[in-house]
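> Structure, please.
(one chain, ligands or ions: 1)
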Amino acid sequence: MCFEVRSRDVLARLGRIKAKSGTIETPILLPVVNPAVQLIPPQTMSKELGCKALMTNAYILLKQKGEEAAVSEVHKLLDFDGVIMTDSGAYQILVYGKVDVSPTEIVQYQEQISTDIATILDIPTSWRTTKEDAKHTVEETLKRAKQLARIKRRDDVLWVAPIQGGRYLDLVGYSAKQVGKLPFDIHALGSPTTIMEQYLFDTLVDMILTAKMNMPPQRPLHLFGAGHPFMFALAVTLGCDIFDSAAYAIYARQERYMTEYGTSRLNELEYFPCSCPICTRNTPIDVKDMPLIEKHEALAKHNLYTSFAELKRVKQAIIEGRLWEYLEARIHTHPTLLQAVKRLKKYKKYMERHSPATKRSGLFFFNGLGLVRPEVVRYKKLFEERYSAPKEAEILVLMPQPSKRPFHVSREVNGLARRLQQEIPEKHTCFHICVYAAPFGVIPLELDEVYPLSQHEIAVPPDLETIEYVAEQVKNYIAASSHNKVFLIEDTVWKDKISALCRRIKRKDLSITVLSVEEALNDKVLNDVVETLQKSVV
Ligand SMILES: [Zn+2]
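Presented below is the predicted three-dimensional model:
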């Protein structure tokens, strides 16, 4: 096994891939280096930018350097002693329709040039293709993947099997399942380039998660052609481990400046919003006035610095268990990213099953978007499946979330509990006090110290989507519970949504008394309540 996972958050993994030239830490970005033209020499990438791995194209190497590369090996040829991954010419198939090399030749060539991570010559599924054609690309790629075992000679090269199918998700799932049965080290999601150019990130979510749900979970997933830092947080959260970027150089040649939240044109910038060596030493005017090659190199370096920096922030967020919060901050830089995260509703159960149960930090809950995060989904699942109220509890008292956590030490809860104990000492265990709280729903007091029920901060008042979610949880709990007497205390934050929904419960044996917080705090009203309660427990 070449891949070892150190830390997880949501579906993201902080891991290590062991290759013959060294061990690299994931998630990782591999800058794409053209063997013939280099804006930044690989040696500089390694020394100045701390780049540990890069990607180059074996097909272009074969065409341009042929035997020379086979004799001197790719590391010497590129003057780079880190980990090198090679692509096989599939991108050229996508662009030009074909390549003049056979699948066998390119496998043997990658072994000859002693690459660390090699890719079979897959047939990419283009974005506009028909389903019939897409099926062909999947089957042909699978056939070539099966042939690898007969062709390869070396055991120290890691092999990548691309997953094809494009926008046809059933084909993506089939492709992932089939290549996943073969002894490959890494999988790669093929041809999302068009999707990324057109910002179809919600489709990308579908493609990535369909691949993830069908491939062996212990293998790393490479996302081909995803080189812009503004989508790293999203892709890593979904479980992508490796990225490659030709974009750093392509953008630089177009005088485009990458940031973790988008792209700017050099001539629009008055300030560099970055502290990399390029942006610290130069102003935008300095860079504009540089000779062309120097200018492009400077921009390419900045683009890589900013990409590496974003991955470091994402990695630190994984360690701290704050990746979801980081993702929420990042997606508000572009509407299509926000749209992509909304698509996660469809996959919330899968995300819950595959994300860690505990973490070192509490949650920050901002709005309804967070309702799909694993911790919220998990609580709902466990509460519905495993929780039952104490047997002796006859009367349910539901109160809105107090300001202090854990809830059972709050003034509001204590006041009510003490009062019930004082007034009806012989029967105070008949009362089951629960709070309802965003974003979790009903929280029985005896559970309120379980992670993360007391370890979260929310923005108050919750947004409508969250209020409606909590109201639904309260309604479901009351409808399914054995209590037939319920006191529901509601404050204005909940906009009567909880009581309105609860009134719709069709249970003849159920009586719900709704009290406002003012009423619940009012001695006279409370006296009446206590009196009613006393009668009901006699
Ligand atoms: Zn910079």
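> helix, strand or coil for Ile84?
Of the three states, Ile84 takes strand according to DSSP: H, G, I helix; E, B strand; the rest coil.
> show me the residues around it that make contact.
Listed by Cβ atoms under 8 Å, 6 or more residues apart in numbering, the contact set of Ile84 reads Ser21, Ala53, Leu54, Met55, Thr56, Val74, His75, Leu78, Thr115, Asp116, Ile117. Bear in mind the C-beta positions are built from the backbone N, C-alpha and C, glycine included.
> how far away is the closest residue to the last one other than its chain neighbours from the ion?
So that's Ile117. The shortest distance from Ile117 to any residue that is not its chain neighbour, by Cβ to Cβ, 6 or more residues apart in numbering, is 3.8 Å, and that residue is Met85. For Met85, the distance to the ion equals 25 Å [Cβ to the ion, to the nearest Å].
> Check Glu385 too.
As for Glu385, its distance to the ion is 50 Å (criterion: Cβ to the ion).
> That residue should be in a helix, yeah?
Yes. Assignment of Glu385 by three-state DSSP places it within a helix.
> tell me which element the closest residue to the ion within the stretch 351-500 of the chain is part of?
Scanning the stretch 351-500 of the chain for proximity to the ion using Cβ to the ion identifies Phe364 as nearest, at 28.6 Å. Assigned by DSSP states H and E, Phe364 belongs to strand 363-365.
> any idea how far that strand is from the chain center?
The chain centre lies 16 Å from the centre of strand 363-365; the measure is Cα atoms, centre = their mean, to the nearest Å.
> With stretch 40-53 instead?
In this view, stretch 40-53 has its centroid 28 Å away from the chain centroid, taken as Cα atoms, centre = their mean.
> tell me which residues of it are tucked away?
Neighbour counts over stretch 40-53 (16 or more other Cβ atoms under 10 Å) mark Ile40, Pro42, Thr44, Met45, Ser46, Leu49, Cys51, Lys52, Ala53 as buried.
> same question, stretch 457-471
Ile458, Pro462, Thr466, Ile467, Glu468, Tyr469, Val470, Ala471.
> Ok, stretch 76-95 next?
Buried, per 16+ other Cβ under 10 Å, within stretch 76-95: 77-78, 80, 82-94.
> Nearest to the ion within the stretch 301-450 of the chain, name that residue for me.
The nearest approach of the stretch 301-450 of the chain to the ion comes at His302, 3.7 Å away (Cβ to the ion).
> Could you give the number of residues near that residue?
Taking other Cβ atoms under 10 Å as the criterion, the count of residues near His302 is 25.
> isn't it right up against Cys279?
Yes. Assessed by Cβ atoms under 8 Å, His302 is found in contact with Cys279 at 5.9 Å.
> For these two, list the residues in contact with both.
Overlap of the contact sets of His302 and Cys279 (by Cβ under 8 Å, 6+ apart) consists of Phe272.
> I'd like to know which elements the helix or strand containing Ala69 is packed against.
In this assignment (DSSP H and E), Ala69 forms part of helix 66-78. Counting contacts by 3 or more Cβ pairs under 8 Å, 6 or more residues apart in numbering; DSSP states H and E, helix 66-78 packs against strand 53-57, helix 58-64, strand 83-87, helix 103-112.
> most tightly surrounded among these?
strand 83-87 (a mean of 27; mean count of other Cβ atoms under 10 Å).
> Ser307 - nearest residue in space that isn't next to it in sequence?
Counting by Cβ to Cβ, 6+ apart, Ser307 lies nearest to Pro229, which is 4.5 Å off, once chain neighbours are set aside.
> State the number of residues packed around the one you found.
Applying other Cβ under 10 Å, we find 29 other residues in the vicinity of Pro229.
> Quick check: it touching Thr263?
No. Between Pro229 and Thr263 no contact is recorded; they are 9.9 Å apart, counting by Cβ under 8 Å.
> Tell me where the model's unsure across the protein.
Counting by pLDDT under 70, the chain contains low-confidence residues at 191, 426-428, 521-526, 529-530, 533-534, 536-538.
> how about the residues of it that lie near the ion?
Contacts of the chain with the ion, taken as Cβ under 5 Å from the ion, map to Cys274, Cys276, Ile278, Cys279, His302.
> From the residues you listed, which land in strands?
Among those, no residue falls in strands (DSSP state E).
> Out of these, who's the most crowded?
Note: the member of these with the most neighbours is His302, at 25 neighbours, neighbours being other Cβ under 10 Å.
> and the spatially closest residue to that one that is not a sequence neighbour, what does it touch?
Sequence neighbours aside, Ile278 is the residue nearest to His302 in space, at 4.5 Å (criterion: Cβ to Cβ, 6+ apart). Residues in contact with Ile278, defined by Cβ under 8 Å, 6+ apart, are Phe272, Val287, Ala298, Leu299, Lys301, His302, Tyr305.
> Now with 7 Å, please.
Residues near Ile278 by Cβ atoms under 7 Å, 6 or more residues apart in numbering: Ala298, Lys301, His302, Tyr305.
> So the residue nearest to Ile117 versus Glu132, what's the distance?
Going from Met85 to Glu132 by Cβ to Cβ, to the nearest Å gives 32 Å.
> Could you find the closest non-adjacent residue to the residue in the stretch 51-200 of the chain positioned nearest to the ion?
As assessed by Cβ to the ion, the ion sits closest to Cys51 within the stretch 51-200 of the chain, at 15.4 Å. In space, and not counting its chain neighbours, Cys51 is closest to Met45: 4.0 Å by Cβ to Cβ, 6+ apart.
> wait, the one you found sits on Lys52?
No. If you go by Cβ atoms under 7 Å, Met45 and Lys52 don't touch, sitting 9.4 Å apart.
> Among the residues of the chain next to the ion, which pair sits farthest apart?
Cys274 and Ile278 (7.9 Å; Cβ to Cβ).
> Name the residue closest to the centre of the chain, please.
Averaging the C-alpha coordinates of the chain gives a centre point, and the residue nearest to it by Cα atoms, centre = their mean is Thr237 (1.7 Å).
> those strands in the stretch 351-500 of the chain, which residues are they?
Taking DSSP state E, counting those that start in this stretch as the test, the strands found in the stretch 351-500 of the chain are 363-365, 395-400, 431-437, 441-444, 456-458, 485-490.
> With Arg13 as the reference, name the closest of these.
In terms of Cβ to Cβ, the element of the strands of the stretch 351-500 of the chain nearest to Arg13 is strand 363-365, at 20.1 Å.
> Show residues contacting that closest one.
Here strand 363-365 makes contact (Cβ under 7 Å, 6+ apart) with Glu325, Glu375, Ala438, Pro439, Pro452, Gln455, His456, Glu457, Ile458.
> Give me the buried entries from these.
Buried by 16+ other Cβ under 10 Å: Glu325, Glu375, Ala438, Pro439, Pro452, Gln455, His456, Ile458, out of the contacts of strand 363-365.
> Next step: the residues you listed restricted to helices.
Filtering the buried ones among the contacts of strand 363-365 for membership in helices, criterion DSSP state H, returns Glu325, Glu375.
> and the buried ones among the contacts of strand 363-365, which two are the farthest apart?
Glu325 and Ala438 (15.9 Å).
> In the lengthiest helix in the chain, which of the residues would be classed as buried?
Criterion DSSP H: the longest helix present in the chain is helix 292-320. Buried residues in helix 292-320, counting neighbours by 16+ other Cβ under 10 Å, are found at 295-308, 310-311, 314-315, 317-318.
> Give the helix, strand or coil label for Pro217.
Three-state call for Pro217 (three-state DSSP): coil.
> Counting neighbours, what do you get for it?
Summarising burial for Pro217: neighbours were counted as other Cβ under 10 Å, giving 13.
> Identify the residue nearest it in space, chain neighbours excluded?
What sits nearest to Pro217 in space, not counting adjacent residues and going by Cβ to Cβ, 6+ apart, is His354, at 7.1 Å.
> From Leu11, how far off is that neighbour?
Distance, His354 to Leu11, by Cβ to Cβ: 6 Å.
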